Every structure is written in C-alpha cells, then in structure tokens.
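Colleague: No sequence on hand, only this structure:
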C-alpha cells in the first residue's frame, strides 16, 4: 500500500551555490530509483538557522511530496544520511486527498 509523504531536506551547499539545481535533480532521481513517485518539488531558498548547532550556519531547504511504500522511508533515511550534501532530513506522512462533496445551495424563494 502506497502512502503520501513529505520529505523536507536541508542541503549543505557551502561553497557550491551554483550546483543547487544539479543536487536537487540528483536527489529527485534517487527518490525515483528507489520506487517513489514524485508529485511535487518545492525549492524554498537558502535560510539561516535560528541557532548554529554544527558546522553550518545556513542551508538550502527543499521539500519533496511523493507516494511510496512505508518500508521505503527507512531506506531513504539511511541512504541520505550517508550523503554529504544532505545536512538534515525530515519525513512526514500526509493525509490522503479527499474530494469534498459539493455543498447544497438553498433555493431562492
């Protein structure tokens, strides 16, 4: 059974600002190679961290919305944990899109 997920990745683009598009394209192809169906990719710009807890003070945020099997999330986590260009990652299951029935309109008297 496939579920909808959202993955927020913070990229380490230190000294590589011009290669952000190539990094995002590579990550998108890695999602697809593992069997995920990408719905949407949001490139959200580089942002400063509210507090610095490691070697970076800023990161480039990218949001992926995709459909995948639940077992794939653990595989993606471990794969991107080893990737030096992925600084942080967060996965969240999204609710299924439900179409709401049309509201009934009262007839004019």
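Modeller: That came through, no problem. Given the structure is predicted, the values throughout are model-derived calculations rather than measurements. Numbers count the residues shown, from 1 in each chain.

Colleague: just the strands in this structure please.
Modeller: Using DSSP state E, the strands of the chain run over residues 3-11, 37-48, 58-68, 86-94.

Colleague: CSV for these, including distance to residue 105, mean pLDDT and mean neighbour count?
Modeller: Heads up, the C-betas are built off the backbone N, CA and C, glycines and all. Formatted as CSV, those follow (distance: least, Cβ to Cβ, whole Å; pLDDT from 0 to 100; neighbours: other Cβ atoms under 10 Å):
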stretch, distance to residue 105, mean pLDDT, mean neighbour count
strand 3-11, 32, 96, 19
strand 37-48, 32, 94, 12
strand 58-68, 33, 95, 18
strand 86-94, 31, 95, 15
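
Colleague: tell me the contacts of residue 20?
Modeller: Residue 20 makes contact with 11, 13, 43, 60 under the criterion Cβ atoms under 8 Å, 6 or more residues apart in numbering.

Colleague: do residue 72 as well
Modeller: Taking Cβ under 8 Å, 6+ apart as the criterion, residue 72 is in contact with 34, 35, 36.

Colleague: which one's the longest helix in this structure?
Modeller: Taking DSSP state H as the criterion, the chain has its longest helix at helix 20-33.

Colleague: Show me what residue 91 is bridged to.
Modeller: The partner list for residue 91 in beta bridges (DSSP bridges) reads residue 7.
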